[in-house]
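S.K.: Take a look and give me a structure for this.
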Amino acid sequence: MNVVYEPRGRAREYSELACNLYKGCTHGCRYCYAPACMRTTGEKWHAKAEPRKDILRLLENDARRLQGDSRSILFCFLCDPYQELERTERLTRHSLEILAKYRLNNQVLTKGCADLILEDLELMKTARTQLGITLCFADDDLRRYWEPNASTVEDRLKVLKTANKEGIFTWVSLEPVISPDQALAVIRMAHPYVNFWKVGKLNHMKEYEQTVDWTRFLLNAERLLTQLGAKYYIKNDLRSFSLEQ
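M.R.: Numbering: from 1, shown residues only. Predicted coordinates:
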């Protein structure tokens, strides 16, 4: 494989295969781990994005080789597949067309442009895409501080509601949890439109992490998700705070 790869560590809890379509991401999220992974600065990583060289040709080559593989390919871990550059490049749309052609399982994880996502819902149905939305805040002022150039809370809820109504499998990445109260509010607010939740703690910001009672949050989150009859997965870093261990 060239551009489809097997994630390691925390990322593998989300998907066995992944592909990054763009280099860079203009959302500018304060908690972004991609710059460290790519050995660059946040300032450089968020300043601009560009298509990866020959990405669609290489993806098709990989897709052809992977025909019959049941593992799901996730777009994207190190960038957002629906950031602003997607308006002109349409790499995500073309990539979903390729995976639909080879009947490969796939997921999208985004906090990007709602209008572009909504335009692609019909294609996602054809491609059997599982649509994931990162949603960590109910308060859009907090969202704006932590994710300055990403889509609004209202837009993300609209995408989830519309996709769910269209019969698309929807999931929410409630990661990183930054404010436990906000995370619980997100669950209460979005649960009617979400088929599956993936919940993970904040990492890479130790001083901030230490201000959160993770054991209490885990207990409250699982209690709420269970009360709502939700299906969910708690990532290992957060699960390690379980009282049952």
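S.K.: can you tell me which strand in this structure is longest?
M.R.: Ranked by number of residues, the top strand in the chain under DSSP state E is strand 170-177.
S.K.: Can I get the helix or strand following that strand in PDB? Just the C-alpha atoms.
M.R.: Next in sequence after strand 170-177, counting helices and strands by DSSP states H and E, comes helix 180-190. Provided in PDB are the C-alpha atoms of helix 180-190 (Å, rounded to 0.1, in the frame of the first residue of the first chain):
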ATOM      1  CA  PRO A 180     -16.700  17.400  31.000                       C
ATOM      2  CA  ASP A 181     -19.800  19.500  31.300                       C
ATOM      3  CA  GLN A 182     -19.700  20.400  27.700                       C
ATOM      4  CA  ALA A 183     -19.100  16.800  26.600                       C
ATOM      5  CA  LEU A 184     -22.200  15.600  28.600                       C
ATOM      6  CA  ALA A 185     -24.200  18.400  27.100                       C
ATOM      7  CA  VAL A 186     -23.200  17.300  23.600                       C
ATOM      8  CA  ILE A 187     -24.400  13.700  24.300                       C
ATOM      9  CA  ARG A 188     -27.800  15.000  25.500                       C
ATOM     10  CA  MET A 189     -28.100  17.400  22.500                       C
ATOM     11  CA  ALA A 190     -27.000  15.100  19.700                       C
END
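S.K.: Next, work out how far apart Ala221 and Gly9 are.
M.R.: 22 Å (Cβ to Cβ, to the nearest Å). No exception for glycine: its C-beta is placed from N, CA and C like everyone else's.
S.K.: one step back: helices or strands up against the longest strand of the chain?
M.R.: Contact partners of strand 170-177 among helices and strands, from 3 or more Cβ pairs under 8 Å, 6 or more residues apart in numbering; DSSP states H and E: strand 129-134, helix 153-165, helix 180-190, strand 196-201.
S.K.: can we see that at 6 Å?
M.R.: strand 129-134, helix 153-165, strand 196-201 (3 or more Cβ pairs under 6 Å, 6 or more residues apart in numbering; DSSP states H and E).
S.K.: Tell me which residues touch Leu104, please.
M.R.: 63, 66 (Cβ atoms under 6 Å, 6 or more residues apart in numbering).
S.K.: Right, I'll leave it there.
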